[in-house]
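Engineer: Quick one: sequence and predicted model below, then my questions.
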Amino acid sequence: MTDVARTPSQLGNLIRRARRKRGLNQSQLGDLADLRQETISLIEMGHPAAKLETLLSILAALDLEFRVAPRGKDSELDIEDIF
């Protein structure tokens, strides 16, 4: 199943769920991503000014990937049409 996040809050919730599923606390995830626990907390609360580099570090530490796709299941727009 693929989860979709369209807002910082939704992304934070997905990260929190993935962290908990792996049995990690925020400090442990911070260590894996080379970030402070406070940063992990802000991301999970949906802080809107998170740097892309920070988010990518967290996703990599959780063995997750970042994808860009057209919105919606029934979209006929191909990603190649965007670029």
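Structural biologist: Okay, I see it.
Engineer: mind checking the longest helix of the chain?
Structural biologist: Longest helix in the chain, counting residues (DSSP state H): helix 8-21.
Engineer: Report the angle between the helix or strand just after that one and helix 8-21.
Structural biologist: Counting by DSSP states H and E, the next helix or strand C-terminal to helix 8-21 is helix 26-33. Counting by axes from the mean of the first three to the mean of the last three Cα atoms, to 10 degrees, helix 26-33 lies at 90 degrees to helix 8-21.
Engineer: and the angle from the helix or strand following helix 26-33 to helix 26-33?
Structural biologist: Next along the chain after helix 26-33, taking DSSP H and E as the criterion, comes helix 37-44. Computed by the same axes, to 10 degrees, the angle separating helix 37-44 from helix 26-33 equals 100 degrees.
Engineer: moving C-terminal of helix 37-44, what's the next helix or strand?
Structural biologist: Downstream of helix 37-44, the first helix or strand assigned by DSSP H and E is helix 52-61.
Engineer: Tell me the gap between that following helix and the middle of its chain.
Structural biologist: Here the centre of helix 52-61 is set off from its chain's centre by 7 Å, with Cα atoms, centre = their mean, to the nearest Å.
Engineer: Could you look up the SS state of Thr3?
Structural biologist: No, residue 3 isn't Thr; it's Asp. With DSSP: H, G, I helix; E, B strand; the rest coil as the basis, Asp3 sits in coil.
Engineer: Quick check: closest non-adjacent residue to it.
Structural biologist: Excluding its sequence neighbours, the residue lying closest to Asp3 (Cβ to Cβ, 6 or more residues apart in numbering) is Leu14, at 5.2 Å. C-beta here means a position set from N, CA and C on the backbone, and glycine is covered the same way.
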